[in-house]
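S.K.: Give the three-dimensional model of this entry:
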Amino acid sequence: MKPKYVTTIIKHIVIWTAAFFLWTLLRNYGQEVISDYNDISQFNQIATILVLGVIAGILFGVFEIVFERYVNRNMALGKLVLISSISYLTIIFTLIFCGGYLFHEISGETFYWQNYKEIMFSKQVILLLVYFFIIITLTSLFNEIDKRLGQGNLWKLLKG
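M.R.: A predicted model of the protein is given here:
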């Protein structure tokens, strides 16, 4: 594996771990949360954040490598960010669907499409998807700007 690919995956692991940490922080201290979530110990919440951050970072890092290699050829910045954001959201929808299906299979319950629709259109999931869309769009935007300015020049520009 090339060092550039390892750097991309590590970058995504850090970004998604920070995003899940911020989400948990906002859900715990920023507004009322569901009672089941409050019962989870602090250690389990941190472990969940780390596991989800690593899994999401690896998945989205590999997606970015593939996206950069095959799709990202001389496209306009806005079009590229929009296509990558929609692709990321499609992956998230697929992961939520697969997770729900697997959860139902493991628990021995029958998976019904109606249950999936209720979960996907609940206020909590819509809020989570909007949060992910913002994170994905900002990450894609900054990543593409950094590539166009040259690796590391965006950070130098922001630092002053």
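S.K.: what helix or strand does L141 sit in?
M.R.: Taking DSSP states H and E as the definition, L141 sits inside helix 123-149.
S.K.: Name the residues of that helix that are buried.
M.R.: Applying a neighbour-count criterion of 16 or more other CB atoms under 10 Å, one finds F132, I135, I136, T137, T139, S140, L141, N143, E144 buried in helix 123-149. Glycine gets a C-beta too; all of them are placed from N, C-alpha and C.
S.K.: swap in stretch 42-60?
M.R.: Across stretch 42-60, burial judged by 16+ other CB under 10 Å covers Q45, I49, L52, G53, V54, A56, G57, L59, F60.
S.K.: Show me the residues you listed that map onto helices.
M.R.: Using DSSP state H, the members of the buried residues of stretch 42-60 that fall in helices are Q45, I49, L52, G53, V54, A56, G57, L59, F60.
S.K.: What's the local residue count around the closest residue to the fifth one other than its chain neighbours?
M.R.: To tie it back to what came earlier, the one meant is V54. Nearest in space to V54, with sequence neighbours left out and distances taken as CB to CB, 6 or more residues apart in numbering, is I13 at 5.5 Å. For I13, the number of neighbouring residues by other CB atoms under 10 Å comes to 19.
S.K.: can you check the one 5 residues further on too?
M.R.: When neighbours are counted by other CB under 10 Å, A18 registers 13.
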